[in-house]
Structure formats: C-alpha cells, structure tokens
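**Q** Give me coordinates for this.
(2 chains, ligands or ions: 2)
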Amino acid sequence: MKLQSLKKQNHELANINNQITQLESVVKRIDSDRFSEKLTGIDLFPLKPTIIDIFQINMGKMCNQVCAHCHVDAGPDRKEIMTKETLQQCLDAIERSQIKTVDLTGGAPEMNPNFRWFVEEAYKLGCKVMVRCNLTIIVANKKYYDLPEFYKKHEVEVVSSLPFYNAKKTDSQRGDGVFERSIRALQMLNEVGYGKEGTGLILNLVYNPSGAFMPPEQEGLQRQFKRKLKADFDIEFNELFAITNIPISRFLDFLVASGNFDDYMTRLVEAFNPMAAKGVMCRNTISIGWDGYLFDCDFNQMLDLKVAVKESLHVKDFNKELLEGRNIIVNEHCYGCTAGSGSSCGGETA
Amino acid sequence: MKTYYNPDDLKKFGKIGEFQEELADKFFDYYGEVFKEGALTAREKSLIALAVSHAIQCPYCIDAYTKDTLEKGCAEDEMMEAVHVAGAIKGGATLVHGVQMMNKVNDLSM
Ligand code: SF4
Ligand code: SF4
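**A** Ligands and ions are numbered 1, 2, ... in the order given. As a prediction, this is how the structure comes out:
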C-alpha cells in the first residue's frame, strides 16, 4: 500500500489536467456517451441545483491516514488547512443564508487547529453539524481522546468510513492496523452513547468498495454489518451508507495502474441510472475548499472545477440565490454518482 | 496471441442473439429471473453461482461471479468456502464412484 500522497510522490496524476485527460480519453476508448450527453438524454442538462441546504466544508487536506483510494489525496504531508479567517467567512455565509446543516470533511477535519472553535460557533448558530471522522484520529493522540465527549456535547452527527467488518479488506484500503484502531474508536463512541438506541446521538458508517467494483445494495449490507459488528466487537451504529468510488485522484491512480480503468468506467456507464442522476448531491449541497473557493461538490473541488458563478466564487461572496440558479459543472467522473442505486455522501440516492 | 478463451468475449455474451434471437431472449429473461431476490437472497445465489462456476471450470463465469460476489458484499473467506463446497462435491462425486469400482472388482474376482 502507498504511504505517500500523489503530490508527495510527484506523481503525474497530482496534476489535475492529467486526471481530466485520463477521464475524457477513457470515455472515447470505451465508446461511451459523455456524461453531459447522458444528462441531455434524460432532460437534465444543464444540471441545476434544487435548493442548497447542506454546507460541506473541506477544512484541509491534512490527514493522519493515507488511504489508497482517497479522492482528496490527503495525508500527513498535506499542509493545506482552512484558516480561522476563512472559517469565519463560512460562519457569516451560513448565518446570512440560514443554512441549517454543516458537513465537515477533510482530510481529518479534527486536525484543523480551529476545528473545535468552529463546531461550537456553528452549534450556537443552531446548525446541525456533521463530521466525517476517520475514526483513527480519535485514538491517534491523547489530545483527541475526548472527541467523543466533545461531539456529544455539541450533538454532532458522526459519519465514519469502515470499508468492511474485517481487517483484511479495511487495512488493504486504509492502511495497516486501521481496522483495529477504528474498532477501538467505535467502541469509545458507543461508550458515550453514539449509535445507541434512544440517545439521539447518530453514528453512521460509510462502506466503499475495496477495489474496482460497485458497492452492494445498501440495506442488505447494513444488516450484515450490524450483525457482524455486534457479534464480533459488540459495536452498534445507526445507518450504513454504501458509496461508489469516484474515479479521480488516488482511486484513479489505482484503476490505471492495476489495468482496471476501462472496465470500471464501462461498469459505471452501463449502470447509469436516471433516478440516481436526479438525486445527485450537488443539487442540494455546496462545497467549500480549504482556501474558501466554492465548488459543486468535493469531487469537483479536487479537480479544481469551481462553481460557474463568477460573482460568488469564494465563500466571502457567498450568494445563495445566484448559486441556486447556477449550472452545475459535470464531467466524466460524475458517472460514479449515477451508477446503480446512485452514490452521495449520504449513500444511495435512488 | 490466439487463445481459445478471450476475457473480452464475456462482454459479447449478449451477442449470441445475433444468430438466434428468440432462444437467446428466452435464455436471458430466464437468467435474469433466476438471479432475482427470491426464497434465496441475491447474495446467496451469487455464492452458489461462484461455486458452480468452479465446478464447471468456466473462466468467464469465474471472472463474472468473483466480481458479482464482491459487489454483493461477500468476504474472501466466504468466497473460498463456496469454492471448497464445489471441490468437496466434485471430490466426493469422484470418490463415491470408488464404490462402483470396488463392486466391479468383487464381481470380477474369485
Ligand atoms: S480517505 Fe479520509 S481518512 Fe483516508 S486519507 Fe483520505 S481523508 Fe484521510
Ligand atoms: S461528481 Fe459532483 S458534480 Fe458530478 S454528479 Fe457527482 S456530485 Fe454532481
């Protein structure tokens, strides 16, 4: 498994233009419609937002892990971190636009030095705060051990990746020893009430495939996860979200290097589902990059495809009305959101 | 390189209808029905298909149902246990014929 980000390796895919070229050429190679043409065929092009009700902030690319599939190309070597000034601009925008759900992601958002301050402020504004917590951060260092208590105090909804209920598949994707540490962190979350019935403290898990294949049907997989995690580790959680790996960044590198790229894209294209296309997350979410720029989603952010509203490119100029009228920028990676039962940060969409 | 089996041919499976459409349509409809969630789950059916693929030693089916079982959320140990079921039945079927051999030996011997 890789221990460095593409950027650190000086990998050719660290250059975003090379990723776009790969995506555009594979679609030609497999003789597929472009994604925009697929949307045109179902009267969904140009793709428009429904309403912006989720504010997803990428607090920085720094992470204690270096997962093989990471679409952020995150890792300990990444120094891009959102400043307090930009975080304040986010709070101002949230307050102005009355957005009620704030979804914090990264990297490991907890590694941002202003993480706790920001959660407190967003909580005071009456927002529901969600944190995409990679679990291992909770046990990475003494200073994080009280995160479960901190989350509880601010009624934070915790969303955590666990690609499988065994070490083999989890570690092959997320790094040696990650499964064992994730289990410990899940038990700590359970101890303060997360994932337990009647506490109102939500702990959702995210499954994504450990390789070049599509995720299973979400409901059946959730039953399987619940049964196994309870029996083997006495762990409980609320819901499982099954998501598809989007062919960008490190997952794209894996696809190309393993010779699976063409077949994977063919699979996604053949599984194009119009219902899933209607429910893509960019229609109700806005994504904010570590430097405050606005994007249609976290994937577009990693491809540096900024929102197509020049008056509201940055969070300091956040204009909900203009943004809700924008055309969402799509490209071939979008096939990952519309395949099968669809895929979003909240799991299936169709 | 020319070989009898070409992995890309699996993608052309649907084309068998070009030579005989009606039977192909019937077969693919039937196939689709068989693998739907029923008294057995789609996941259980996929594991059975993986085992049978090994028993009949069809490389296309092995590729297809390896991917399919992964997409049904099966773990590697479950997949290998399915292959062992195929192996046990095939081995058992070979060995149980040993009784026929023994019977014949008895028939032929003084
Ligand atoms: S997938 Fe998440 S936990 Fe893994 S390296 Fe990327 S940001 Fe970190
Ligand atoms: S990749 Fe982003 S822009 Fe494309 S469909 Fe998915 S959420 Fe929307």
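**Q** show me where pLDDT drops low in the stretch 101-250 of chain A?
**A** Low-confidence segments of the stretch 101-250 of chain A (pLDDT under 70): none present.
**Q** scratch that, chain B
**A** In chain B, residues with pLDDT under 70: B:1.
**Q** Could you list the contact residues of it toward chain A?
**A** Counting by Cβ under 8 Å from any Cβ of the partner chain, chain B comes close to chain A at B:11, B:41-43, B:67, B:70-73, B:75-76. Just so you know, the C-beta spots here come from the backbone N, C-alpha and C atoms, and that holds for glycine as well.
**Q** ok, A:Val129 to chain B distance?
**A** Using Cβ to the nearest Cβ, to the nearest Å, one obtains 30 Å as the distance from A:Val129 to chain B.
**Q** For whichever residue of the stretch 101-250 of chain A sits closest to ligand 2, the count of nearby residues, please.
**A** Nearest to ligand 2, among the residues of the stretch 101-250 of chain A, is A:Ile246, at 6.2 Å (Cβ to the nearest ligand atom). For A:Ile246, the neighbour count with other Cβ atoms under 10 Å in any protein chain shown is 23.
**Q** For the closest residue to it other than its chain neighbours, list the residues it contacts.
**A** Leaving out its chain neighbours, the residue that sits closest to A:Ile246 by Cβ to Cβ, 6 or more residues apart in numbering or on different chains is A:Gly336, at 3.8 Å. Shown in contact with A:Gly336 (Cβ atoms under 8 Å, 6 or more residues apart in numbering or on different chains): A:244-247, A:268, A:299, A:343.
**Q** ok, now with 7 Å
**A** Counting by Cβ atoms under 7 Å, 6 or more residues apart in numbering or on different chains, A:Gly336 makes contact with A:244-247, A:268, A:343.
**Q** thought the residue of the stretch 101-250 of chain A closest to ligand 2 was touching A:Asn300?
**A** No: counting by Cβ atoms under 7 Å, A:Asn300 is not a contact partner of A:Ile246; they are 10.3 Å apart.
**Q** buried residues in stretch A:95-111?
**A** Residues A:97, A:99, A:101-111 are the ones in stretch A:95-111 that count as buried (16 or more other Cβ atoms under 10 Å in any protein chain shown).
**Q** Quick check: B:Val85 touching B:Ala51?
**A** Yes: in this structure B:Val85 lies within contact range of B:Ala51 using Cβ under 7 Å: 5.1 Å.
**Q** Between the two, which is the more surrounded one?
**A** Between B:Val85 and B:Ala51, B:Ala51 has the larger neighbour count (other Cβ under 10 Å), namely 21 against 17.
**Q** Okay, buried residues for the strand or helix carrying the more buried one please.
**A** Per DSSP states H and E: B:Ala51 is located in helix B:42-55. If you call a residue buried by 16+ other Cβ under 10 Å, then helix B:42-55 has these buried ones: B:42-43, B:45-55.
**Q** what about it, distance to the chain center?
**A** 6 Å (Cα atoms, centre = their mean, to the nearest Å).
**Q** Report all helices and strands that that helix contacts.
**A** The contact analysis (3 or more Cβ pairs under 7 Å, 6 or more residues apart in numbering or on different chains; DSSP states H and E) places helix B:42-55 against helix B:59-71, helix B:76-108.
**Q** Specify the angle between that helix and helix B:76-108 in degrees.
**A** 50 degrees (axes from the mean of the first three to the mean of the last three Cα atoms, to 10 degrees).
**Q** Contacts for helix B:42-55 next, please.
**A** So helix B:42-55 is contacted by A:220, B:35-36, B:61-62, B:65-66, B:68-69, B:72-74, B:78-79, B:82-83, B:85-86, B:89-90 (Cβ under 7 Å, 6+ apart).
**Q** what about the closest residue to chain A within chain B, distance to A:Glu239?
**A** Proximity of chain B to chain A (Cβ to the nearest Cβ) peaks at B:Gly73, 3.7 Å away. According to Cβ to Cβ, to the nearest Å, B:Gly73 stands 16 Å off from A:Glu239.
**Q** just A:Leu322 next, same as before
**A** Distance from A:Leu322 to A:Glu239, by Cβ to Cβ: 34 Å.
**Q** Between those two, which has more neighbouring residues?
**A** Between A:Leu322 and A:Glu239, counted using other Cβ under 10 Å, the more crowded position is A:Glu239 (18 against 14).
**Q** my guess is the more buried one meets A:Asn204, correct?
**A** Yes: between A:Glu239 and A:Asn204 there is a contact at 4.7 Å, judged by Cβ under 7 Å.
**Q** returning to what we had before: out of the helices and strands packed on helix B:42-55, the one nearest ligand 1 is which?
**A** Using Cβ to the nearest ligand atom, the helices and strands packed on helix B:42-55 put helix B:59-71 closest to ligand 1, at 19.8 Å.
**Q** and A:Gln22, what does it touch?
**A** A:252, A:256.
**Q** check which helix or strand covers it.
**A** helix A:16-29.
**Q** How far off centre is that helix?
**A** The answer for helix A:16-29 is 22 Å, by Cα atoms, centre = their mean.
**Q** Show me what counts as buried in it.
**A** Neighbour-count burial for helix A:16-29 [16+ other Cβ under 10 Å]: A:19-20, A:22-23, A:26-27.
**Q** Pick out whichever of those sits closest to ligand 2.
**A** Using Cβ to the nearest ligand atom, the buried residues of helix A:16-29 come closest to ligand 2 at A:Leu23, 10.9 Å.
**Q** Show the buried residues in the contacts of A:Gly336.
**A** A:244-247, A:268, A:343.
**Q** Max pairwise distance over the residues you listed: which two?
**A** The span of these, defined through Cβ to Cβ, is set by A:Pro247 and A:Ser343 at 11.9 Å.
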